[in-house]
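Asker: generate coordinates for the sequence data below:
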Amino acid sequence: MHELIENPKAPRVKRVASLAKKKERNETGRFLVEGPQAVRELLAYRPRLADVVYATTGDEAWQFEIDNLAAQAGVEIERVTPQVLAAMAETVQPQGVVAVARIPEITLTEALAGAKLVAILHEVRDPGNAGTVLRAADAAGADAVVFSGESIDPWHPKVVRSTTGSLFHLPVATAASLSEVVEAAQAAGLETIAADVRGTEVTDAREQLRGNVAWVFGNEARGLGETERAVIGRSIKLPIFGEAESLNLATAASVLLYETAFAQRA
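Answerer: Sure thing, here's the model as predicted:
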């Protein structure tokens, strides 16, 4: 058993806290996982990614479960004070446990191989939206999620938290350009479809969703540009039956992913 870590200003505490910054994540190849749910899913589904777990002492149910999962995976647990945990975490009120994990090296080819349903996030900047789409993709049975262009880093602490562990359930890849992702998706036998308000209504396009589909979701504010839509090909939209001006990106993505899941299982 290691000694309790009590100094919030200790170098290793600062190293863990620095993973909230993209520069540090890129340099170290590591990211921060916060909270019992996310750490539990990391240890249960991707234990080989886990470097170390830092947890406070106590008798909460999650602590026994995480202790057991860490022991089974051979992952070290370091005990820390609440003050140290607070210094490590990105959240204002951390939940007693964080982990340091390695960023998985997954190529586009690996992520898309054999896939039937994929979500591509292009230039999506909001961490809550990105995490919610990833979580919805997981729930709808998608096979992979890809972040392209200047989208937010999928390993950003807020994205990781908002996925509530779904980040560890399916492959997540990144790509520099949309054209690169579209080319890889088509090579993998997926039809790329843009979620776009200028497209065909999904109620008139359900037959087209029965095949292998890679949905492309664009930036929250401006959507997808003309050049991007041309690269993708087909566009489909959700109808607005009420008086709402539009749908939030994450809401629309969730509905379209489920529409596709229903069609593929019909």
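
Asker: all helices for this protein, in order.
Answerer: Counting by DSSP state H, the segments of the chain that form helices are 11-17, 22-28, 36-45, 61-73, 82-88, 108-112, 127-139, 157-162, 178-187, 226-232, 249-265.

Asker: dump those helices into TSV; add mean neighbour count, distance to residue 169 and mean pLDDT as well.
Answerer: (Glycine included, C-beta is placed from N, CA and C.) TSV is the format used below for the helices of the chain (neighbours: other Cβ atoms under 10 Å; distance: least, Cβ to Cβ, whole Å; pLDDT from 0 to 100):
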stretch	mean neighbour count	distance to residue 169	mean pLDDT
helix 11-17	16	24	97
helix 22-28	13	21	97
helix 36-45	21	6	97
helix 61-73	15	15	93
helix 82-88	19	25	96
helix 108-112	19	13	97
helix 127-139	22	5	97
helix 157-162	23	13	96
helix 178-187	19	20	96
helix 226-232	16	26	91
helix 249-265	19	14	95
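
Asker: is it possible to get TSV of these that adds distance to residue 197?
Answerer: Converted to TSV, the helices of the chain look like this (distance: least, Cβ to Cβ, whole Å):
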stretch	distance to residue 197
helix 11-17	41
helix 22-28	31
helix 36-45	34
helix 61-73	43
helix 82-88	43
helix 108-112	27
helix 127-139	17
helix 157-162	25
helix 178-187	18
helix 226-232	11
helix 249-265	9
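
Asker: so which of those helices is nearest residue 120?
Answerer: Comparison of the helices of the chain against residue 120 by Cβ to Cβ identifies helix 178-187 as nearest, at 5.5 Å.

Asker: give me the distance from that closest one to the chain's centre.
Answerer: With Cα atoms, centre = their mean, to the nearest Å as the basis, helix 178-187 stands 20 Å off its chain's centre.
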